[in-house]
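Peer 1: everything below, folded, please.
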Amino acid sequence: MTNERHNFFAERLHQHGYRLTPARQAVIATLLSTGGHLSADTLAEAVHETAPQVGRMTVYRTLDLLSELGLVRPVYQGTGAAHYVLIDSGHHHHLVCAGCDTVIEFDECVVAEIERVVAERFEFEVWGHLVEFYGRCANCRDS
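Peer 2: Predicted coordinates for the structure are as follows:
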């Protein structure tokens with residue numbers, strides 16, 4: 001699965017005229033192996049462990065490029081620093097607890113119909129979405 005996803009990233013880069021440089025490959029491999037949800041600084045540190053030649057600014061520029069291509073998105077979730085999540089499947093969903101700050105990730109796409117309606121109404125071609133629901137988890141509700 002990870003190899004398929006890596007190939008998807010490589011194909012998207014090539015489609016838009018970008019090369020899969022060793023530095024970009026290191027960033028993508030680290031994102032995929034960790035599942036995303038990393039700040040730029042944490043990602044830069046993780047990349048440096050496996051590819052010490054890749055500088056922090058290269059990681060930041062690669063994140064900007066991957067965001068521009070719709071492969072990752074920054075999310076903030078009250079931490080102050082953006083954390084980057086993978087969007088290569090076209091969608092990404094979170095439940096965020098306001099009580100304990102737990103983030104529950106889920107794959108079931110519950111907004112497909114909304115996506116269709118919005119696309120039709122605004123004559124907009126939707127490529128993907130990031131959805132976050134805020135509330136309280138079962139543990140916080142029981143407290």
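
Peer 1: please report how far residue 70 lies from residue 22.
Peer 2: For residue 70, the distance to residue 22 (C-beta to C-beta, to the nearest Å) stands at 23 Å. C-beta here means a position set from N, CA and C on the backbone, and glycine is covered the same way.

Peer 1: ignore what I typed, I meant residue 38.
Peer 2: Residue 38 is 20 Å from residue 22, by C-beta to C-beta.

Peer 1: out of these two, which sits in the busier spot?
Peer 2: residue 38 (21 against 11; other C-beta atoms under 10 Å).

Peer 1: what sits against that one?
Peer 2: By C-beta atoms under 8 Å, 6 or more residues apart in numbering, the contact set of residue 38 is 30, 31, 46, 83, 84.

Peer 1: just want the phi and psi numbers for residue 128.
Peer 2: phi 180, psi 180 (degrees, to the nearest 10).

Peer 1: that one contacts residue 87, correct?
Peer 2: Yes: using C-beta atoms under 8 Å, residue 128 is in contact with residue 87, at 5.3 Å.

Peer 1: not counting sequence-adjacent ones, nearest residue to residue 69?
Peer 2: residue 12 (5.3 Å; C-beta to C-beta, 6 or more residues apart in numbering).

Peer 1: over to residue 110?
Peer 2: Going by C-beta to C-beta, 6+ apart, residue 110 has residue 93 as its nearest residue, at 7.4 Å.

Peer 1: so the one you found: helix, strand or coil?
Peer 2: Assigned state for residue 93: strand (three-state reduction, DSSP: H, G, I helix; E, B strand; the rest coil).

Peer 1: can you check residue 96 too?
Peer 2: The assignment at residue 96 comes out as strand when based on three-state DSSP.

Peer 1: quick check: phi and psi on the residue most central in space within the chain?
Peer 2: Note on the chain: the residue nearest the mean C-alpha position is residue 85, at 2.0 Å, using C-alpha atoms, centre = their mean. Note on residue 85: backbone dihedrals following degrees, to the nearest 10 are phi -110, psi 150.
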